[in-house]
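Q: What follows is a predicted structure for the sequence shown.
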Amino acid sequence: MPPTGVQLAPARKLPVIGVDEGPFTLHPVVTGRDFTAQPDVTDRAVLVGAQAADILGLGSFDGHRALWIDGEPYTVWGIIDSIARRKPIMSGLIVQLSPDELAGSEVEVVVETLPGAARQVAEQAPLALRPDDPAGLRAVAPPDPKAFRLRFESRVRDSLLVVSLVAITAGVLIIANTMSMAVAARRSEIGIRKALGATGLDIFVQFGAESTVIGLVGGILGGSLGVVAAVVAARRLGWNPVIDPRVLPTAALIGLSSGLVSGLWPALRAARTDPLDALWAAE
């Protein structure tokens, strides 16, 4: 007879997963009880994934409901709120079966390994489980964490390289435009300096040095803000930030080079300014 308080759910086709009497290593977060407290399988218990519970209309766990699976009543021991592995379980049912009941059915063995050992264990597990016929088993290992990290770092590096090139180009154009406006606004100063004996080279060096200093300061500030942002983002994600000590010197060198290049044309224009024209324009 089904347990007291049984509510028959409408017929649904949901995946049913049987687990053996060993430790339940999928690490579910269960509202109610899990299989570790069950002494045997005679009670016909079932754990229901949260999505399956919504489909079946179970609502919150009250400890008195049961489901019929292939004509057999199963007491709902708990509802799986979340699970670290095998996300599809959230839309299915988990029942605990004896080894005899599992015999002859398709069996999946979940092996928990130390980080980085999954691929090696996957290569050796078929031989350890079925030394008589290791080819009859198929082992699936998750992606290697190191390879995944390298691919992730490569994609992030490529994306940051593109963003950096765009930012450098924009910075060069901004500095060049700023220095051109400065040359136009300071024509009287240029005319006075040339009238007092300054050469075109002196004017060129002055404006070139100004644009170079602007680029250098921008590179240092940008690199510093980038390092701070990277550290904050890594901390929020739970990662250990690792900063290359060459980042800030490289940023300063790129800023200096960008300022120098962007100031060449404005400095050349300033050096070629005729002092008489500049003084007449100032009048």
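A: Alright, I've got the coordinates. Numbering: from 1, shown residues only.

Q: Can you list the strands that the helix or strand harbouring residue 80 pairs with?
A: Per DSSP states H and E, residue 80 falls inside strand 72-83. Neighbouring strands of strand 72-83 in its sheet, by DSSP bridges, are strand 28-32 (antiparallel), strand 45-49 (parallel), strand 66-69 (antiparallel).

Q: what separates the shortest one from the chain centre, distance-wise?
A: In this case it means strand 66-69. 41 Å (CA atoms, centre = their mean, to the nearest Å).

Q: mean confidence score for it?
A: Mean pLDDT, strand 66-69: 78.

Q: got the CA positions of that strand in PDB?
A: Only the C-alpha atoms of strand 66-69 are listed here, as PDB (Å, rounded to 0.1, in the frame of the first residue of the first chain):
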ATOM      1  CA  ALA A  66       4.800  10.000  -2.800                       C
ATOM      2  CA  LEU A  67       5.100   9.300  -6.500                       C
ATOM      3  CA  TRP A  68       4.200   6.300  -8.600                       C
ATOM      4  CA  ILE A  69       7.000   5.200 -10.800                       C
END
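
Q: Mind putting the strands paired with strand 72-83 into JSON lines with mean neighbour count?
A: C-beta: built from backbone N, CA, C; applies to glycine. Formatted as JSON lines, the strands paired with strand 72-83 follow (neighbours: other CB atoms under 10 Å):
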{"stretch": "strand 28-32", "mean neighbour count": "17"}
{"stretch": "strand 45-49", "mean neighbour count": "26"}
{"stretch": "strand 66-69", "mean neighbour count": "18"}
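
Q: mind checking which of the ones you listed is nearest residue 13?
A: Nearest to residue 13 among these is strand 66-69; the distance by CB to CB comes to 11.4 Å.

Q: all helices for the protein, in order.
A: Remark: helices assigned in the chain by DSSP state H are 50-56, 99-102, 118-129, 145-185, 187-195, 200-236, 247-262, 264-271, 275-282.

Q: Tell me which of the strands paired with strand 72-83 sits nearest to residue 55.
A: With CB to CB as the criterion, residue 55 lies closest to strand 45-49 of the strands paired with strand 72-83, at 9.2 Å.
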